[in-house]
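Participant: Kindly generate the corresponding structure for this input.
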Amino acid sequence: MDPQLLLIPLISGLIGWGTNALAIKMLFAPLERRGHGFFSWQGVLPAHAQRMATICVDLMTSRLLDLSHLFQRIESNQVADLLAPGIEEHAEAVVEEVLQRRYPRLWKAMPEGLKEKARERLKSEIPLVVDKFMKDLRNDLESFVDIKSLVVGAFVRNRGLLNEFFWRCGATEFQFIARSGLGFGIVFGTPVAILWMIFQPGWILPVTGLVVGWATNWLALKMVFEPLEPKQIGPFRWQGLFLKRQAEVSAAYGAFFAERILHPEALMNAVVTGPASDRVIELLQRYVGEAVDEASGPARHILTLAMGSDEWDEIRASVAVGLSARIPSELGRVQDYAGEALQLDQELEKNLAKLPPAEFEEVLRPVFREDEATLIAVGAVLGGVAGLLQLFALGAV
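Facilitator: Numbering: from 1, shown residues only. Prediction:
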């Protein structure tokens, strides 16, 4: 046997590895389209970020996460205790600022005991303000926090984040697909070498190279996702590689979203700056205004007599506007507690781990489904090119 024939399975293996590795690379890179016209490319994930992110969030909101239910774990009194120091400081500053600006002499002449009593009463109203607002959030959380917009927006703004998510969930499978090309290429290249020993038409190596390039990508993808359910073949038990890792992937999935996208800071920002931000401010102003009325007590009557009810209403509104505008800046005090209470990572991990295989595969399957035919075709074309290289290596051309 001509030792050169060993080059056929060796080159097939190297090309199988190279085509599969390139196929995986093409999923993630480049983040932005490069090249010109027909000869340009953008990674499958970055190019379809909106669609991929929508698929992710649809699975999450329909099967994995009930944010309204989770939000019940946050205790109003705990939030009030954490917010109280900052709000009290702001409340005192806002009240004095408003009254000193509008009625400096009256405020200066007011007995210190009366001022202190008003401050203490306002402090006592803070838990009620927080409780009322928390009840509004619990009763209609979906109108305050749009999870779909939050997740999709994060992925579209930062396409690298989408790459990170899929890599964290499927790194083992991506690496298997790339490396399996070497083994499959050698296996498929061996019968080609035998055929070449028997007869040597010039077309056989490019054609078989094309078939090998196609088969290595196709078979690797099949092994990742099929069979859905475990199959027993004699002493061997087999299931799609990704499906076998459901528990591990579930942990990675939950950790990613809890750390990178749905962390407490992002959720709070979504409430404060999201589509319902005007309503948030309106509610805070209303509840703070009610708290100012309650806290004023005897001072309210004195001020009303001194300046009239209309003027008092304007003062109360000014205080409510000033204080409600400062409350969002204090929400950072609640983030650690909210994270501990929500346990978002554990909730996502638990629910994803319970999904049947047909639904669980949707975590990773859309990545390949989006451009699976293109990726396999690229493998086939490169395999054909490999066949031509084999012809040159064997000196047949």
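
Participant: which sections of the stretch 151-300 of the chain are below the confidence cut-off?
Facilitator: 200, 202, 296-300 (pLDDT under 70).

Participant: And the helices in the stretch 1-150 of the chain?
Facilitator: 7-28, 44-47, 49-59, 67-71, 76-102, 104-109, 112-139, 141-144, 147-157 (DSSP state H, counting those that start in this stretch).

Participant: any chance of the ones you listed in JSON lines, with mean neighbour count and distance to R34 too?
Facilitator: In short, each C-beta sits where N, CA and C put it, glycine included. JSON lines is the format used below for those (neighbours: other C-beta atoms under 10 Å; distance: least, C-beta to C-beta, whole Å):
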{"stretch": "helix 7-28", "mean neighbour count": "22", "distance to R34": "12"}
{"stretch": "helix 44-47", "mean neighbour count": "22", "distance to R34": "11"}
{"stretch": "helix 49-59", "mean neighbour count": "19", "distance to R34": "16"}
{"stretch": "helix 67-71", "mean neighbour count": "15", "distance to R34": "39"}
{"stretch": "helix 76-102", "mean neighbour count": "17", "distance to R34": "48"}
{"stretch": "helix 104-109", "mean neighbour count": "11", "distance to R34": "65"}
{"stretch": "helix 112-139", "mean neighbour count": "16", "distance to R34": "45"}
{"stretch": "helix 141-144", "mean neighbour count": "16", "distance to R34": "40"}
{"stretch": "helix 147-157", "mean neighbour count": "17", "distance to R34": "19"}
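
Participant: where among these is the average confidence lowest?
Facilitator: Note on the helices of the stretch 1-150 of the chain: lowest mean pLDDT is at helix 104-109, with a mean of 69.

Participant: All the strands of the protein, residue numbers only.
Facilitator: 34-36, 39-41, 231-233, 236-238 (DSSP state E).

Participant: What are the buried residues along the longest helix seen in the chain?
Facilitator: Assignment by DSSP state H gives helix 159-198 as the longest helix of the chain. Across helix 159-198, burial judged by 16 or more other C-beta atoms under 10 Å covers 159, 161-163, 165-167, 169-170, 173-174, 176-178, 180-182, 184-190, 192-193, 196.

Participant: Likewise for stretch 337-356?
Facilitator: Quick answer for stretch 337-356 (16+ other C-beta under 10 Å): 337-339, 341-342, 344-345, 347-349, 351-353, 355.

Participant: how near is W214 to E112?
Facilitator: In this view, W214 and E112 are 87 Å apart by C-beta to C-beta, to the nearest Å.

Participant: Tell me which of the helices of the stretch 1-150 of the chain sits nearest to P201.
Facilitator: helix 7-28 (14.3 Å; C-beta to C-beta).

Participant: quick one, the closest one and helix 159-198 angle?
Facilitator: 160 degrees (axes from the mean of the first three to the mean of the last three C-alpha atoms, to 10 degrees).

Participant: which helices and strands does helix 7-28 pack with?
Facilitator: helix 44-47, helix 159-198, helix 204-225, helix 365-393 (3 or more C-beta pairs under 8 Å, 6 or more residues apart in numbering; DSSP states H and E).

Participant: any chance of those helices in a markdown table, plus distance to I55?
Facilitator: Output for the helices and strands packed on helix 7-28, formatted as a markdown table (distance: least, C-beta to C-beta, whole Å):
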| stretch | distance to I55 |
| --- | --- |
| helix 44-47 | 11 |
| helix 159-198 | 11 |
| helix 204-225 | 15 |
| helix 365-393 | 5 |
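
Participant: Could you name the stretch from the ones you listed that's closest to D66?
Facilitator: Closest among those, using C-beta to C-beta: helix 159-198, at 21.1 Å.

Participant: helices and strands around the closest one, which ones?
Facilitator: Where contact means 3+ C-beta pairs under 8 Å, 6+ apart, helix 159-198 is packed against helix 7-28, helix 44-47, helix 49-59, helix 147-157, helix 204-225, helix 241-244, helix 246-256.
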